[in-house]
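Colleague: Need the 3D shape of this:
(chains A and B)
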Amino acid sequence: MKWIDKNLHIKPINTHIDPYKPVENAIITHGHADHAKPGHKNVLATLETIEIMKIRYGENCAENFQILPTNQSLKINDVLIKFFPAGHILGSVQVLTEYKGEKINFTGDYKTTSDQTCKDFEPVKCHTLVTEATFGLPVFQHPNENEEIKKLLKSINLFSERPHLVGVYALGKAQRIINLLRQQGYDKEIFIHGSLEKLCEYYHNNNIDLGKITKVNLTKKKDYNGEIILAPPSAIKNIWSRKFEDPIICQASGWMSIKQRAKQSLVELPLIISDHADWNELTKYIKFTDAENVYVTHGREEAIVHWCKMNNINGLALSLSGRDDEEQL
Amino acid sequence: MKKFSELINKLLLTSSRNRKIDILSNYFQNTSDPDRGYTLAILTNELELKNIPISRIKEIVFENVDNELFTLSYDYVGDLAETISLIWPHKELGSLLGISEIIDVLRNLKKVDVNKTIKNYLSIADETERWALIKLISGGLRIGVSSRLAKTALAKFSNKKLDDIEKIWHGIEAPYNNLFNWLCNDGPMPKIDLLKTFNPMMLANPISKNDFKTLISSQFIAEWKWDGIRVQIILGKSSIKIFSRTGDDISQSFPEIKNSADSMVILDGELLVGRDFTPMNFNSLQQRLNRKKVTQKHMDEFPAFIKLYDILYLNNEDLRDKTWKSRRFELEKWFKKNNNKYFDLSNVIKFSSWDELSNFKKNKIIDDQHEGLMIKKIDGSYISGRPKGYWYKWKKDPKNVDAVLMYAIRGHGKRSSYYSDFTFGLWNGNQLSPIGKAYFGFDDNELKVLDKFVRNNTIKKFGPVREVEKTFVIEIAFDAVNASNRHKSGVALRFPRIKRLREDKPASEVIQLSQFKSEFL
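Modeller: Numbers count the residues shown, from 1 in each chain, chains lettered A, B, ... in the order given. Got it, this is the predicted structure:
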């Protein structure tokens, strides 16, 4: 790591990737709050990521924005930068950088399975892979997301007298769940917590089919029995959820594969749907890239580093600060 | 196995008691024998597969999963059955046998076949089935279903009385075909061997201020509520069995208690330790409980005896429908003939008014020996469970201590959006040391105050646990304090509850743990 450092600083062009604190030059992989921070001077990102940042932080959350579409190259001094779709959320990318013939790929957050709410993941070869490892333990083997969504639909049929409150992250997860429901033919109105509204609207404007969605209105007495209501986990944990009568608490997250975790969070219907790569995807991708070095930014670093050692790859944990695990109940 | 695994998964994730009963009742309704019987046995902890130690399962896992990766995963997940079920790397075609067949196979598995069979089972199972399978082998489901709840579901699905199920429960065995025949009206109520069978006990309700106004004192007698453990003693010819209140056979912990009775009799009493029928305190009794091996030293130091309260059977005659008065007459008659150094009669306290009894309680109670008074209706029969209007307990006044709120967890069911489960502590130097947990005693308004405090004053989160600013004082009421080496503070409170919120009191005025110990222990 001669030309990048532990803080994902690309030294020859004084540029940070997903910096935690405001910097001069930032490349932002995607719009989640632990990757995209307001207050940088210059931001390089995809159009979608820039627009999402503006929705969340306001028009002036950085001084200058520069758009780089996926699969197009940008040369700054001697460093070549190219974005590849990361399949995580709308606008999410991996950042491939090349300097003096050496390729370093920063995955950002990613998943390799297909998702209609964003561009499909594109694998890319590199010498050094800087990867996430949110689900970097072999206990995480995500099941098929359509089978998980069917569980929710089955429960709606079975308990049509109870509202189904689904805990989702406001950006990405919420829209993916709605889209998956539509794919299964669920064409009823879907209700959302107010904090999801703008982002759902943005996805809708990007031609992602979300069908009829309506903001929950708690001042009007409405019967939410048998309806699907999406809300951030914090709202479900909060006083807000007391307004619903006898809800079934659901949560869509990769963490839900751990039953005791679901139980502790008082989740009655866990849906194992993740926007991150599971253990098999992580290890398979590391192998695919032919990388000699693997640096793990955040998550369960130890196991991935151990696995790299078993496979004669140099592994190193960076343990970046400020990265959240996916939001939990 | 699929049906069973889905059942226990659903039960684990359901927090409402009524809903759990519905789920189980549906299962019993829609599952055939002997599957439902084995499930019942597993849920009530009556089935053990002793031939496959869990260490063997670990061995099998380590043959298939990298040791280090497993350890890291187990550290993270925290539950062995879950870790194995999630990490198992192989998938083979096939489907698992039903729960009954699996139990049968596992029970009769030859040692040489264990690895091959278990490996195959783990590979053809889905993730939830694997979890259930390992729970089945390791024993102890820990899914929040008590034996009582399972039986309540049985009563619900069959429209039989829970009390009748309890009466025969301890005399029947898995897979309970005769029980289900009776429940489904396809057979008679199973006959049981009285000499081996625990009979569910009659329990008391706490007496309230209002009760003293409505209850007529001349219809009741009183007894000391001895501070030991309630037991049922079944005496046969030269045999003796002692059961705890929950029906656990604890005879082997008290081998010195012998019987020379010549007839079959079932007695109800309080097990205590002490000399000359003078009880030592509860802490001393604890030295004798839950011991697999009893040494002579223990028996000499803490000799056990029983204060007799009641008689349920005499010479195969069921006395439970008789009045307390006639049962007492039979008990005294039996005692006169059969008394020995292990049995003593609990005295009857007569009184002519509640005031008189109140004075008696105030003047005569001995803190180390008595938990309070029992008040029993003279013409009442012996009814299992906690029937209203017959037996009352009048506990001694609770003790109180002001403590500082330290941690909180959200409650379940109706309380699931409230922080309603609280850990509190006392000062140990300038650090707080937790002394107990309480999740009731407060009213709805006080709960809102507590919940708001927790939300606004969280300083750290550990999973679902919130650590709060150490500024909120709560008054804790409790029945007694026991020395405990399982708790860091060295004390365990009995029956702690939150009596009052002391928003007026600064945390710095809460007492030191050492002071608390010298005062109460």
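Colleague: Please count neighbours and contacts with C-alpha atoms only from this point.
Modeller: OK.
Colleague: Which elements pack onto the longest helix along chain B?
Modeller: Longest helix in chain B by number of residues, with DSSP state H as the criterion: helix B:324-338. Counting by 3 or more CA pairs under 8 Å, 6 or more residues apart in numbering or on different chains; DSSP states H and E, the packing neighbours recorded for helix B:324-338 are strand B:304-314.
Colleague: Which residues does the strand it packs on contact?
Modeller: Applying CA atoms under 8 Å, 6 or more residues apart in numbering or on different chains, the contact partners of strand B:304-314 are B:254, B:256-257, B:263-274, B:277, B:318-320, B:327-328, B:330-331, B:341-346, B:382.
Colleague: repeat for stretch B:94-104
Modeller: By CA under 8 Å, 6+ apart, stretch B:94-104 touches B:1, B:2, B:4, B:34, B:35, B:38, B:39, B:121, B:124, B:125.
Colleague: ok so, going back, can I get the longest helix of chain B in PDB? Just the C-alpha atoms.
Modeller: Written as PDB, here are the backbone C-alpha positions of helix B:324-338 (Å, rounded to 0.1, in the frame of the first residue of the first chain):
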ATOM      1  CA  TRP B 324     -59.500 -28.900  55.700                       C
ATOM      2  CA  LYS B 325     -60.900 -29.800  59.100                       C
ATOM      3  CA  SER B 326     -61.400 -33.400  58.400                       C
ATOM      4  CA  ARG B 327     -58.100 -33.700  56.600                       C
ATOM      5  CA  ARG B 328     -56.400 -32.100  59.600                       C
ATOM      6  CA  PHE B 329     -58.000 -34.700  61.900                       C
ATOM      7  CA  GLU B 330     -56.700 -37.500  59.700                       C
ATOM      8  CA  LEU B 331     -53.200 -35.900  59.600                       C
ATOM      9  CA  GLU B 332     -53.100 -35.600  63.400                       C
ATOM     10  CA  LYS B 333     -54.200 -39.200  63.800                       C
ATOM     11  CA  TRP B 334     -51.600 -40.400  61.300                       C
ATOM     12  CA  PHE B 335     -48.900 -38.300  62.900                       C
ATOM     13  CA  LYS B 336     -49.600 -39.700  66.400                       C
ATOM     14  CA  LYS B 337     -49.000 -43.200  65.100                       C
ATOM     15  CA  ASN B 338     -46.100 -42.500  62.800                       C
END
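Colleague: and the angle for it with strand B:304-314?
Modeller: Counting by axes from the mean of the first three to the mean of the last three CA atoms, to 10 degrees, helix B:324-338 lies at 120 degrees to strand B:304-314.
Colleague: I'd like the mean pLDDT over helix B:324-338, please.
Modeller: Computed over helix B:324-338, the mean pLDDT rounds to 94.
Colleague: Heading C-terminal from it, find the next helix or strand.
Modeller: Using DSSP states H and E, the helix or strand that follows helix B:324-338 in sequence is strand B:343-345.
Colleague: Next, count neighbours for residue B:443.
Modeller: Neighbourhood size, residue B:443 [other CA atoms under 10 Å in any protein chain shown]: 11.
Colleague: Quick one: residues contacting it.
Modeller: Here residue B:443 is in contact with no residue (CA under 8 Å, 6+ apart).
Colleague: Give me the contact list for stretch A:230-245.
Modeller: Identification of contacts with stretch A:230-245 by CA under 8 Å, 6+ apart yields A:162-163, A:165-170, A:174, A:190-193, A:195-196, A:218, A:224, A:251, A:327-329, B:417.
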